[in-house]
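1. Quick one: sequence and predicted model below, then my questions.
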Amino acid sequence: MAPRKRGGGGSRGGLSFVFCCFNSNDHPEITYKLREDFALQSMEPALPMPGYDELDNMFSELVDELDLTEKHREAMFALPAEKKWHIYCSKKKIP
């Protein structure tokens, strides 16, 4: 008995078998259902945001602790003040 060939141009096995189910343009619909008692939690910090100078000092200390490259440091300092405050509160565990 001759050995069977694998792969090859004329074979209909392998990946062609997987894609036979996807010949039409109809894609399966993905649905989800949240529990009725499900509620999103707020990410707002409980403390009010400090002044810009104080926030910059606090944020600078945090960025120093992260030991980022210069490119990433510049990106962090380019963020708006509200985003800096959110990041600071999340990293320092301020409620």
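-> Cool, the structure landed.

2. L47 against Y88, yeah?
-> No - if you go by CB atoms under 8 Å, L47 and Y88 don't touch, sitting 10.1 Å apart. Heads up, the C-betas are built off the backbone N, CA and C, glycines and all.

3. Compare neighbour counts for these two and give me the winner.
-> Higher neighbour count among L47 and Y88: Y88, with 19 against 10, using other CB atoms under 10 Å.

4. List of residues touching stretch 69-78?
-> 59, 63, 68, 84, 87 (CB atoms under 8 Å, 6 or more residues apart in numbering).

5. and the second one, how many neighbours?
-> Here the neighbour count serves as a burial measure; for V63 (other CB under 10 Å) it reads 18.

6. Mind listing what's buried along the helix or strand in which it is found?
-> For V63, the element it lies in under DSSP states H and E is helix 52-66. Within helix 52-66, the residues scored as buried using 16 or more other CB atoms under 10 Å are 55, 59, 63.

7. hang on, the earlier thing: save the contacts of stretch 69-78 as TSV, and put in distance to A75 and pLDDT too.
-> Formatted as TSV, the contacts of stretch 69-78 follow (distance: CB to CB, whole Å; pLDDT from 0 to 100):
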residue	distance to A75	pLDDT
F59	13	93
V63	10	92
L68	9	88
K84	12	93
I87	12	90
